[in-house]
Structures are given as C-alpha cells and as structure tokens.
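Asks: I'd like to go over a predicted model; first the sequence, then the structure.
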Amino acid sequence: MLSERAWLLLHGEKIGMPMFIADSTDSTISTASCDIAFENCGKTPAEAILWVVELTISDSHIEPPSLEIYTTKVTDKRYGQTPFPIGPGRLGWARATGFISPADRDAYFAGKKFLWLCGVARYCDVFKRKTHFLGNRLEEHETRICLVYHKFTKAPGGSWALGGPEGCNRAR
C-alpha cells in the first residue's frame, strides 16, 4: 500500500524567490513572503488537512531559529483550513509569510543573518485507513521542509538549499 498511497513532496522548481514588503503604516515591521508548491508524487489523491509554512530570520545558516512549526496541531485556530484534494501529479500551492523587523531585514541584506523557510504539510490519502494505535483516528501523513536561502553576493537573487537538523526535511 505504501507504493500506492499519496506522497506530497516539495516541488524544487516551484519555490519562489523571497520578497520583502515594508509596512506603510508601521515602520517597525516588514513582511517577507514566497510561494511554494507541494506535488503529489503518489498514485492516489491526497486530502490536504494542514499547510503551515513560515519565513524567519536566523543568525545561523545551519540552524533555523525555531522548530516549533513541526508541532503545530490541526486544531490550532491560526491554521484552520478546509481539507482539499490534490490529485496524482498535481500541485498544491502555499504562501510562506513572515514578519521581519527592519533591523533583521537589513542584517539579512548585509549578509549577517539568514532567511529560513520551514513548514509542514499534513494530509491523508484516499485509503483513509483507521488504526487502533491512533485511537481509531485516520492515519495522517506528513511532509516537513526546512530550507535556507543562499543570497548571491555579486548579483541579485539566490537559491534555496536544504537545511536544518536531521528530520527537518522528510516525508512519512
């Protein structure tokens, strides 16, 4: 059944460049955002039940500032979403956002801080197998992503690369 079930994986060519937008009403924050896509690489449809992706700034290019995002529960009202299907070979889009202070934004552009994109996609497949080990709940699958943005020093732009400690980039 593992070979038949849905597998949501990050589509590497569908990760946008980060954009920073200054808040016109509050000079103490700016918003960072980028679009990403998860592709259903399995043979059956997936039912997406939670998407959480965030952009954050860190002092390190090795460790993201927080791993809290991976423990977000479906019941967390900030991330409540209506389940939606993603067919085999199809994409599910998400927008990663983050609130960045102007000081952190400037330090990032100066090369002193690093931009991270971390997130989790939780989903069920069409088998919707219930298991007594989970208290007769539906079996949930999870894809975690943790990327760091490497800014080009002599030209505009950059590229995303896998980052973070072991277990931050996985599909199960």
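Replies: Good, I have the coordinates.
Asks: mind listing what's buried along stretch 83-103?
Replies: 86, 92, 94, 96, 98, 100 (16 or more other C-beta atoms under 10 Å). For glycine as for every other residue, the C-beta is placed from the backbone atoms N, C-alpha and C.
Asks: do you know how far residue 126 is from residue 148?
Replies: 34 Å (C-beta to C-beta, to the nearest Å).
Asks: against residue 34, how distant is residue 48?
Replies: 19 Å.
Asks: ignore what I typed, I meant residue 66.
Replies: For residue 66 relative to residue 34 (C-beta to C-beta), the value is 18 Å.
Asks: pLDDT below threshold where in the chain?
Replies: 1-2, 23-27, 73-82, 127-138, 153-156 (pLDDT under 70).
Asks: would you map the helices across it?
Replies: Remark: helices assigned in the chain by DSSP state H are 102-109.
Asks: residue closest to the middle of it?
Replies: residue 119 (2.8 Å; C-alpha atoms, centre = their mean).
Asks: OK, contacts around that one?
Replies: Residues in contact with residue 119, defined by C-beta atoms under 8 Å, 6 or more residues apart in numbering, are 36, 51-54, 69, 94, 96, 144-145.
Asks: again, only using 6 Å
Replies: Residue 119 sits next to 52-53, 145 when contact means C-beta atoms under 6 Å, 6 or more residues apart in numbering.
Asks: give me the buried entries from these.
Replies: Buried residues within the contacts of residue 119, defined by neighbour count using 16+ other C-beta under 10 Å: 52-53, 145.
Asks: just these now: which is nearest residue 30?
Replies: Distance to residue 30 across the buried ones among the contacts of residue 119 (C-beta to C-beta) is lowest for residue 53, with 18.0 Å.
Asks: I am finished for the moment; much appreciated.
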